[in-house]
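>>> What follows is a protein structure lacking sequence information:
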């Protein structure tokens, strides 16, 4: 009978395997407390791919719903609305999804159900194909939609937070908007959140909170939609886990596996340290390297050879990480081996700034090829150009640099 692998590289981690982020968790818990008491806080969570933004959102969702007691000893009772943004999500789709999710969450309460039907009646009048909002992008039509949405949201929040005999009142409503870097122009995300936040206050609604997460590029997308939309958020930047936290994740996974499997699995300190080193502190990478090492192992003790075999073998951790995050940028968007060589040289500096002259010095081809490569890679947003220093460039993500280095080592 095969063993159940406790590591889940493509899913948010369970609370029992969550590690680190203590400052961020406390800040978000403080925001929950403030919002519960009528002083709403909004948060923007940014970080690179695989850094654990979705896992952090899932943990705070558990706290906000009262599934887990907060570190302050408080059990919250918020209504959670979680949206995952795609590049096809426009403002009409977002409003209709929110209405559907709220009805799904609150529709069990008969009195609230009828209230929702009447309050959100405007959504039923929206006709995506002939409304003209998407095709003409007229501000007046968008403003009418946002005004209806904000008013309905305010009335709903005030209804569920009021003291009632029929049901326990809620603390408020929290919107979790993940992968917001995918937002398209027709979503008007920055404008939507900025205006709705202001209208909620005008409607005397003070218990709604927005938590938005995405790659760092989400800041530009919000700003383009509304230049001052960033001001409504407290900004949390998620960094790599410390070596101690990485080890905790690995040990917690092994422990969970031993609770559900008949056969006990152990891991050597050398293997755990190697996973920590390979992952560079990226939670997704920790999960993937651990998952692959667990699968590769056959004798019940995960050692260094299991980690390397699971990482570098065909279909192993390295292949999985590349396919999920970096394959498109490295292979499909780049058709030149010379350009890949430039990326490989830059990866030696991880995602720190590197001078063009240093790249030219290490490059095997002509100088003009480096110039062409840097121009093309910058235009495709695979690398960044230093706005304050001429002739300096860097990779957007440290994780991408790590993958290029590991990919190159495997090729050798």
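Great, that's in hand. Not measured: the values here are computed from a predicted model.
>>> hang on, isn't residue 90 packed against residue 183?
No. Contact between residue 90 and residue 183 fails when scored by C-beta atoms under 8 Å: they sit 9.7 Å apart. In this view, the C-beta of every residue, glycine as well, is placed from N, C-alpha and C.
>>> Mind checking which of those two has more residues around it?
Neighbour count, other C-beta atoms under 10 Å: between residue 90 and residue 183, residue 183 has more, with 27 against 16.
>>> My read is that that one contacts residue 88, right?
No. Applying C-beta under 8 Å, one finds residue 183 not in contact with residue 88, separated by 10.6 Å.
>>> ends of stretch 37-45, how far apart?
The first and last residues of stretch 37-45 sit 22 Å apart, counting by C-alpha to C-alpha, to the nearest Å.
>>> Buried residues of it, list them for me.
For stretch 37-45, burial by neighbour count (16 or more other C-beta atoms under 10 Å) applies to 40, 41, 42, 43, 44, 45.
>>> Can you tell me how far the second one is from residue 29?
Using C-beta to C-beta, to the nearest Å, residue 41 is found at 11 Å from residue 29.
>>> And the strands in the stretch 251-400 of the chain?
Assigned by DSSP state E, counting those that start in this stretch, the strands in the stretch 251-400 of the chain fall at 266-267, 301-302, 354-355, 383-385, 392-395.
>>> Now tabulate these in a markdown table and tack on distance to residue 371, mean pLDDT and mean neighbour count.
A markdown table is the format used below for the strands of the stretch 251-400 of the chain (distance: least, C-beta to C-beta, whole Å; pLDDT from 0 to 100; neighbours: other C-beta atoms under 10 Å):
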| stretch | distance to residue 371 | mean pLDDT | mean neighbour count |
| --- | --- | --- | --- |
| strand 266-267 | 48 | 97 | 18 |
| strand 301-302 | 47 | 97 | 18 |
| strand 354-355 | 13 | 96 | 18 |
| strand 383-385 | 12 | 91 | 18 |
| strand 392-395 | 11 | 94 | 20 |
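>>> To residue 223, which of those lies closest?
Closest to residue 223 of the strands of the stretch 251-400 of the chain, according to C-beta to C-beta: strand 383-385, at 16.3 Å.
>>> other SSEs contacting that closest one?
helix 367-379, strand 392-395 (3 or more C-beta pairs under 8 Å, 6 or more residues apart in numbering; DSSP states H and E).
>>> deepest of the ones you listed, which one?
strand 392-395 (a mean of 20; mean count of other C-beta atoms under 10 Å).
>>> what helices or strands is the host helix or strand of residue 146 leaning on?
Under the criterion of DSSP states H and E, residue 146 resides in helix 139-161. When contacts are defined as 3+ C-beta pairs under 8 Å, 6+ apart, helix 139-161 sits against helix 91-106, helix 110-119, helix 133-136, strand 172-178, helix 189-202, strand 208-214.
>>> and these, which one is worst for confidence?
Mean pLDDT across the helices and strands packed on helix 139-161 is lowest at helix 133-136; the value there is a mean of 46.
>>> picking that back up, could I get the helices and strands packed on strand 383-385 as TSV with distance to residue 341?
Formatted as TSV, the helices and strands packed on strand 383-385 follow (distance: least, C-beta to C-beta, whole Å):
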stretch	distance to residue 341
helix 367-379	8
strand 392-395	14
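>>> which parts of the helix holding residue 146 are buried?
Across helix 139-161, burial judged by 16+ other C-beta under 10 Å covers 142, 145-146, 148-161.
>>> Who are the contact partners of the nearest residue to residue 28 once chain neighbours are set aside?
Leaving aside its sequence neighbours, residue 28 sits nearest to residue 60 (C-beta to C-beta, 6 or more residues apart in numbering; 4.9 Å). Listed by C-beta atoms under 8 Å, 6 or more residues apart in numbering, the contact partners of residue 60 are 25, 28, 29, 32, 176, 211.
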